[in-house]
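Visitor: just need the structure, nothing else, for what follows:
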Amino acid sequence: MARRGTRKRADYILRYRPDYPIAVIEAKAAYRSAQDGVQQAKDYAEILGLRFAYASNGREIIEIDLVLGTEVQRADFPAPSELWSRIENQLQISGDGSAKLLSAGFPDPERPLRYYQEIAVNRAMEAILGGQRRALLNLCTGAGKTAVAFQLCWRLWSSGWNKRGDHRKPKVLFLADRNILVDDPKDKTFAPFGDARWKLGANAISHGRDIYFSTYQAIARDENRPGLYKEFAPDFFDLIIIDECHRGSARSDSSWREILEWFEPAYQLGMTATPLREESRDTYAYFQKPLYTYSLAQGIEDGFLAPYRVHRIVTDLDAVGWRPSAGELDRYGREIPDEEYQTRDFERIVALRSRTEAIARHLTDFLKNTDRFAKTIVFCVDQDHASEMRKALINLNSDMVAKYPDYVTRVTSDEGDIGKGKLSTFQDLESETPVILTTSQLLTTGVDAPTCKNVALARVVGSMAEFKQIIGRGTRLREDYGKLWFSILDYTGTATEKFADPSFDGEPADDITTEIDAAGEVVSTDEEQAVEPTEPTGEGSPTTLPPDEPDTLPRKLYVDGGEVEVVAHLVYDLDSDGKRLTCRKLTDWTGEKVRTLFPTPAAFRAEWAIQDKRSAIIDALAERGIDLAALQVDAGRPEDDPFDLLCHLAWNAPLTTRSERAQRLRAKAPDLFQRYGEPARAVIDALLEKYAATGPDQLSLPQALKVQPISDFGNPSEIARLFGGPQAMREAVAELTEALYAA
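Guide: Numbers count the residues shown, from 1 in each chain. Predicted coordinates for the structure are as follows:
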């Protein structure tokens, strides 16, 4: 079960303007010291990107200035103008610049900006109005970079900002390297700009609009064209926003770099999901240190992005490799070299139909056991493999395909507009089908599929950057559609290998070399070309393939026979840090978590015996992924008191059933309730019997009084009178509980 954690809530956020928060207040009760709220106030101010924080109990007021590093006692709260004046001095912005910084964003009550998006917009506004010509925002996939870009443009456009300070609207260019990354923002997110929008192309030049969109390819120089970007003067644009800027535009030897250099007078804002590494060094050298960074790990911890569970599935061929029999021929009569083929070779050098069918069979069973309408993307080695996978999945899901013809579909560049249509329907929140998409490279990036619940890896992903981008296909969160988490089904070992890599830091990235035609459509990618027939692919892998005769035959070898079975299925969950995956038995995990909550069994018993504290313990365990009912089933001890099972797992205490614990209490303290009359003792005895039968919930008041056989004694008020009143009854049940767990 997916379970929401506790939401962080600031007591008060002070806003100088609706779109510009200025301080946070942590309020404490009057009987507590204001000092008790200082650390929480500082933590919230840091999270919210605010300079000022206050802690107060109504009498004392402590001001924390995170820029100066000071904490001072104040007699009263400052006026808004005082705080704003201090921020103006810090930012060195005043007058007209201040008015533009405080301009209102586009009101969208259905999708207001999240706190980190608001920080990103304001940081970018501050940088631009402060004269910073090159800037960078590092926001993970799924964090909503397009919404940030739109609100930034809206505020600059509506306030009349431009780089020369003229009385006119700014000219903005939104650049990306794929049509889907340009068309979606233009047609959807940026729709409020209306006719101010324009998409540049070979036959679509306009100098009279304000918000321009283009792929690099559409305006770049190539062998046949001098470069459409030269149709515009170097100082034409005031601001250029470069989406996914790490994919080549900032590289010093890139042909796309010419575009940015031509428009050098413009302010340029790069947006990326790639942290600083060797492959992105040029990006950071060009745009400089990010104004703001928001990672996948932070998004998951905040509850804005979906956490994931990794299923590592191993077939017998992936476990031990595959070797052809002597003289074995492939589908086209070619002899297969006598080598041992491993996972990296499958579907690149040798295509094993039985392995593809085994993966499809396992995925089908997984959906049958979970949700057959859970949107699923299967990443295959190439387009041919995606076609084979689609065919296998259709045959295994014929009952669904009979009702929903597009239940399984392939979406690769070969499908063209038909594939785009299927993808668009897959992305539609209200559309049940297609359910399963098979693809190779087309969907690794630029696809927003909020309800995608399963990402299946049927190919090895060598690039850490691409792996993180693939994860991003499932991180969108849609609580209203039951999407609180997603599964990664790993059939090649990629996920478990990459998560174990020290360079995995929870920030999805993308760094794939993609060949795209003049219209901005994907032609091929480096992954599809990564393993040539002459490239060694690991120990024991073949280094050559037999020559193709005739030349029209495919490069891969195709083996249609044999049987393949799944031999292992391990499940990994995210640890509390949001990065490390763990694969342990629930019982071992539980013992460790109980020990982190309580140092000794005595400390555990003291809180468990108190009803309110017992509920808090159950909630704390649930936040750590431990459901007591599931634990008892997993441990094979449904008759035990959860307290005894938890003590056994944490400290190896003896196991005791509820009935045994109740019998011990009766034997140890037969006269425990002699001070009460016979009717009250009968109620106590019935509570004890009910506890032995179903568990400690039967000791919780007033719920326990409303079920049989206790309810047979009367309504709660009548039962309380048997003890001499409600307080006496509560004391009697508390005494029973304490004695029960001391027995």
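Visitor: report pLDDT for the nearest residue to Glu258 once chain neighbours are set aside.
Guide: With sequence-adjacent residues excluded and distances taken as CB to CB, 6 or more residues apart in numbering, Glu258 is closest to Arg221, at 6.4 Å. Glycine gets a C-beta too; all of them are placed from N, C-alpha and C. Model confidence at Arg221, expressed as pLDDT, equals 81.
Visitor: wait, Arg221 touches Glu261, no?
Guide: No: applying CB atoms under 8 Å as the test, Arg221 and Glu261 come out as separate, 11.8 Å apart.
Visitor: ok so, going back, next up, phi/psi of the residue nearest to Glu258, please.
Guide: Note on Arg221: backbone dihedrals following degrees, to the nearest 10 are phi -80, psi 140.
Visitor: how many other residues sit next to it?
Guide: Here the neighbour count serves as a burial measure; for Arg221 (other CB atoms under 10 Å) it reads 16.
Visitor: how near is it to Leu228?
Guide: Between Arg221 and Leu228 the computed distance is 9 Å (CB to CB, to the nearest Å).
Visitor: so which strand or helix has Ala149?
Guide: Here Ala149, judged by DSSP states H and E, is contained in helix 145-158.
Visitor: buried residues in that helix, which are they?
Guide: Buried positions in helix 145-158, judged by neighbour count with 16 or more other CB atoms under 10 Å: 145-157.
Visitor: and the following helix or strand past it with helix 145-158, angle?
Guide: Counting by DSSP H and E, the element after helix 145-158 in chain order, helix or strand, is strand 172-176. Counting by axes from the mean of the first three to the mean of the last three CA atoms, to 10 degrees, strand 172-176 points 170 degrees away from the direction of helix 145-158.
Visitor: quick one: strands adjacent to strand 172-176?
Guide: In the sheet containing strand 172-176, its partner strands are strand 211-215 (parallel), strand 239-243 (parallel), by DSSP bridges.
Visitor: a markdown table for those strands, including mean pLDDT?
Guide: Output for the strands paired with strand 172-176, formatted as a markdown table (pLDDT from 0 to 100):
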| stretch | mean pLDDT |
| --- | --- |
| strand 211-215 | 94 |
| strand 239-243 | 94 |
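Visitor: so which of those strands is nearest Ser700?
Guide: Among those, the nearest to Ser700 by CB to CB is strand 239-243 (54.3 Å).
Visitor: which parts of the stretch 201-350 of the chain are strands?
Guide: According to DSSP state E, counting those that start in this stretch, the stretch 201-350 of the chain carries its strands in the segments 211-215, 239-243, 267-272, 292-294, 308-315, 350-352.
Visitor: so which of those gets nearest Leu329?
Guide: Nearest to Leu329, of the strands of the stretch 201-350 of the chain and by CB to CB, is strand 350-352 at 12.4 Å.
Visitor: to the chain's geometric centre, what's the distance from the helix holding Ala149?
Guide: Using CA atoms, centre = their mean, to the nearest Å, we find the averaged C-alpha position of helix 145-158 to lie 24 Å away from the chain's own average C-alpha position.
Visitor: hey, what's the angle from the helix or strand where Gln469 lies to strand 308-315? Just curious.
Guide: When elements are defined using DSSP H and E, Gln469 is found to belong to helix 464-471. Relative orientation of helix 464-471 with respect to strand 308-315: 110 degrees, computed using the same axes, to 10 degrees.
Visitor: from the chain's centre, how far out does the very next helix or strand once past helix 464-471 sit?
Guide: Per DSSP H and E, helix 464-471 leads on to strand 486-490 as the next helix or strand towards the C-terminus. Relative to the mean C-alpha coordinate of its chain, strand 486-490 is positioned 12 Å out (CA atoms, centre = their mean).
Visitor: what of stretch 399-411?
Guide: When C-alpha coordinates are averaged (CA atoms, centre = their mean), stretch 399-411 and its chain have centres 28 Å apart.
Visitor: mind saving the C-alpha coords of it as PDB?
Guide: Coordinates of the C-alpha atoms in stretch 399-411 are reproduced here as PDB (Å, rounded to 0.1, in the frame of the first residue of the first chain):
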ATOM      1  CA  ASP A 399      -8.500 -11.300 -24.000                       C
ATOM      2  CA  MET A 400      -7.800  -7.600 -23.500                       C
ATOM      3  CA  VAL A 401      -6.800  -7.000 -27.100                       C
ATOM      4  CA  ALA A 402     -10.200  -8.400 -28.200                       C
ATOM      5  CA  LYS A 403     -11.900  -5.700 -26.200                       C
ATOM      6  CA  TYR A 404      -9.300  -2.900 -26.600                       C
ATOM      7  CA  PRO A 405      -7.500  -3.300 -30.000                       C
ATOM      8  CA  ASP A 406      -4.800  -0.800 -29.000                       C
ATOM      9  CA  TYR A 407      -4.200  -2.400 -25.600                       C
ATOM     10  CA  VAL A 408      -0.500  -3.000 -26.700                       C
ATOM     11  CA  THR A 409       1.100  -0.800 -29.300                       C
ATOM     12  CA  ARG A 410       4.600   0.000 -30.500                       C
ATOM     13  CA  VAL A 411       5.700   3.700 -30.500                       C
END
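Visitor: buried set for that stretch?
Guide: Buried residues in stretch 399-411, counting neighbours by 16+ other CB under 10 Å, are found at 400-401, 407-411.
Visitor: equivalent analysis for stretch 623-638, please.
Guide: Neighbour counts over stretch 623-638 (16+ other CB under 10 Å) mark 624-626, 628, 631-632, 635, 637 as buried.
Visitor: and stretch 376-395, by the same measure?
Guide: By neighbour count, and taking 16+ other CB under 10 Å as the criterion, the buried residues in stretch 376-395 are 376-394.
Visitor: output it as CSV, restricted to C-alpha atoms.
Guide: Coordinates of each C-alpha in stretch 376-395 appear next as CSV, following Å, rounded to 0.1, in the frame of the first residue of the first chain:
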residue,chain,number,x,y,z
THR,A,376,3.4,0.6,-18.8
ILE,A,377,6.4,1.6,-21.0
VAL,A,378,8.7,-1.3,-22.2
PHE,A,379,12.1,-0.1,-23.3
CYS,A,380,13.6,-2.5,-25.9
VAL,A,381,16.9,-2.7,-27.6
ASP,A,382,15.8,-1.4,-31.0
GLN,A,383,12.7,-1.0,-33.1
ASP,A,384,12.8,-4.6,-34.3
HIS,A,385,12.9,-5.8,-30.6
ALA,A,386,10.0,-3.5,-29.8
SER,A,387,8.0,-5.1,-32.6
GLU,A,388,8.8,-8.6,-31.3
MET,A,389,7.9,-7.6,-27.8
ARG,A,390,4.6,-6.0,-29.0
LYS,A,391,3.7,-9.2,-30.8
ALA,A,392,4.4,-11.4,-27.8
LEU,A,393,2.4,-9.2,-25.4
ILE,A,394,-0.5,-9.1,-27.8
ASN,A,395,-0.7,-12.9,-27.9
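Visitor: who touches stretch 7-22?
Guide: With CB atoms under 8 Å, 6 or more residues apart in numbering as the test, stretch 7-22 has contacts from 23-27, 44, 47-48, 50-52, 80, 83-84, 87, 101-105, 118, 121-122, 155, 302-303.
Visitor: closest one to Tyr676 out of the buried residues of stretch 399-411, please.
Guide: Taking CB to CB as the measure, Tyr676 lies nearest Met400 of those, at 62.8 Å.
Visitor: and that closest one, which of the three is it?
Guide: Taking DSSP: H, G, I helix; E, B strand; the rest coil as the rule, one finds Met400 in the helix state.
Visitor: nearest spatial neighbour of Glu71, skipping sequence neighbours?
Guide: In this structure, Glu71 finds its nearest non-sequential neighbour in Ile64, 5.2 Å apart by CB to CB, 6+ apart.
Visitor: with that, I have no additional questions.
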